[in-house]
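>>> one predicted model, sequence on top.
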Amino acid sequence: SVVRNALFCLETAANQEENHVYTKALLAYAFALAGNREKRKALLDSLEKEAVRKDGSVHWQRPGKEPEADLPYYRSRAPSAEVEMTAYVLLAHLTSQPAPAQEELSFASLIAKWISSQQNPSGGFSSTQ
């Protein structure tokens with residue numbers, strides 16, 4: 001009953017009109033783990049509309065973030081929250097029952113490309129999540 005109540009709470013949160021992109025990413029992953037395909041798909045569809053597509057990769061960023069300067073020899077790393085929420089979206093895409101379809105895997109590879117571009121020279125990330 002505790003898990004059922006927790007999922008009810010998450011469903012209530014997911015039904016709110018104005019959810020932050022980070023919240024949607026976490027909810028999508030939670031519903032993927034819970035096996036709620038319908039909620040997972042609805043959240044992923046909503047997140048796809050907010051995705052940033054750049055240089056053959058896909059990621060998510062905080063609303064209202066200033067656009068980055070496009071300097072030829074400098075590539076800044078994204079803030080940890082953006083790496084985390086993008087990673088949660090990737091997990092939500094890959095955590096589906098039955099296994100993800102080819103189309104979903106192709107989209108997931110674009111997300112993985114962006115995440116791997118955020119690694120620092122030591123192989124780590126700005127986030128420990």
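Looks like it came in fine. Residues are numbered from 1 along each chain as shown.
>>> C-alpha from now on. contacts and neighbour counts both.
Will do.
>>> where along the chain do the strands fall?
Assigned strands in the chain, in chain order: 52-54, 57-59 (criterion: DSSP state E).
>>> and among those, the most buried is which?
Across the strands of the chain, the average number of neighbours (mean count of other Cα atoms under 10 Å) peaks for strand 57-59, which reaches a mean of 21.
>>> show me what it is packed against.
Using 3 or more Cα pairs under 8 Å, 6 or more residues apart in numbering; DSSP states H and E as the contact test, the elements touching strand 57-59 are strand 52-54, helix 102-117.
>>> returning to what we had before: let's have the strands of the chain in CSV, adding mean pLDDT.
Output for those, formatted as CSV (pLDDT from 0 to 100):
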stretch, mean pLDDT
strand 52-54, 94
strand 57-59, 96
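>>> closest to Ile111 out of those strands?
Smallest distance to Ile111 across these (Cα to Cα): 4.9 Å, for strand 57-59.
>>> now the residue most central in space within the chain. Nearest residue, chain neighbours left out?
The C-alpha lying nearest the average C-alpha coordinate of the chain belongs to Val89 (Cα atoms, centre = their mean; 2.4 Å). Of all residues not flanking Val89 in the chain, Ala25 sits nearest, at 5.2 Å (Cα to Cα, 6 or more residues apart in numbering).
>>> got the contact list for the one you found?
Leu43, Leu44, Leu47, Met85, Thr86, Tyr88, Val89, Ala92 (Cα atoms under 8 Å, 6 or more residues apart in numbering).
>>> which of those has the largest number of neighbours?
Counting neighbours by other Cα atoms under 10 Å, Val89 leads those with 27 neighbours.
>>> one step back: pretty sure the residue nearest to the centre of the chain sits against Ala30.
No - contact between Val89 and Ala30 fails when scored by Cα atoms under 8 Å: they sit 10.4 Å apart.
>>> understood, closing this out.
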